[in-house]
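Asker: could you look at this predicted model? Sequence included:
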Amino acid sequence: MMGHAAALEEVAVRLAAVPDQQAARNVFTQAVRAYADLGATWDLRRADARLRVHGIRRGSRSLYRRPTHGWAALTPTEARVAELVAEGRSNPDIAAELYMSRRTAQASSTSLLMMALTHRRPARVPPGSPPAPPVSLSFRLSGGRGRPSLPGVEKED
């Protein structure tokens with residue numbers, strides 16, 4: 001596997017020297033993935049240095065870019081806050097459940113509700129009510145930015 005990664009690195013360097021930047025970037029990305037899978041950080045740094053001369057940089061998150069929309073774009077904490085907001089829980093309840101300050105809970109729920117283009121929370125569920133169906137957070141693109149919408153929550157105009 002290490003030989004394969006080294007061969008990919010060499011191909012990327014030669015493509016960058018031609019110059020075929022796009023092909024070099026594609027092969028370099030494959031080499032970076034192979035080195036990362038092996039935990040070969042020294043080799044990664046060497047490959048970075050060899051390709052930097054040709055104007056190709058990996059960037060800080062080239063392997064692990066977070067999605068920009070949908071459930072996958074939310075951090076685990078944001079997803080949990082969204083579930084609790086959808087259940088109708090208050091900020092103090094959310095803060096206590098997730099061991100965070102009330103201000104952090106307020107900021108998280110406000111951010112999620114703003115992404116949903118609404119300022120209202122769903123109605124609070126009375127005690128003893130049957131559990132609500134699973135929360136579905138759907139996103140739509142608006143002005144190039146993904147904004148989620150919570151079902152059952154009307155947006156204010």
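Answerer: Good, I have the coordinates.

Asker: how about residue 37, what does it touch?
Answerer: Residues near residue 37 by CB atoms under 8 Å, 6 or more residues apart in numbering: residue 1. Yep, even glycine has a C-beta here, placed from its N, CA and C like the rest.

Asker: which secondary structure element is home to it?
Answerer: helix 21-38 (DSSP states H and E).

Asker: how about residue 104?
Answerer: Element membership for residue 104, per DSSP H and E: helix 102-115.

Asker: that helix packs against which elements?
Answerer: Contacts defined by 3 or more CB pairs under 8 Å, 6 or more residues apart in numbering; DSSP states H and E place helix 102-115 against helix 76-86, helix 91-98, strand 145-149.

Asker: relative to helix 91-98, how tilted is that helix?
Answerer: Here the directions of helix 102-115 and helix 91-98 differ by 110 degrees (axes from the mean of the first three to the mean of the last three CA atoms, to 10 degrees).

Asker: now helix 102-115: buried residues?
Answerer: Buried residues in helix 102-115, counting neighbours by 16 or more other CB atoms under 10 Å, are found at 104-106, 108-109, 112-113, 115.

Asker: and which of those residues is nearest to residue 81?
Answerer: Residue 81 lies nearest to residue 108 out of the buried residues of helix 102-115, by CB to CB, at 4.5 Å.

Asker: now the closest one. Nearest residue, chain neighbours left out?
Answerer: By the measure of CB to CB, 6 or more residues apart in numbering, the closest residue to residue 108 outside its immediate chain neighbours is residue 81, 4.5 Å from it.
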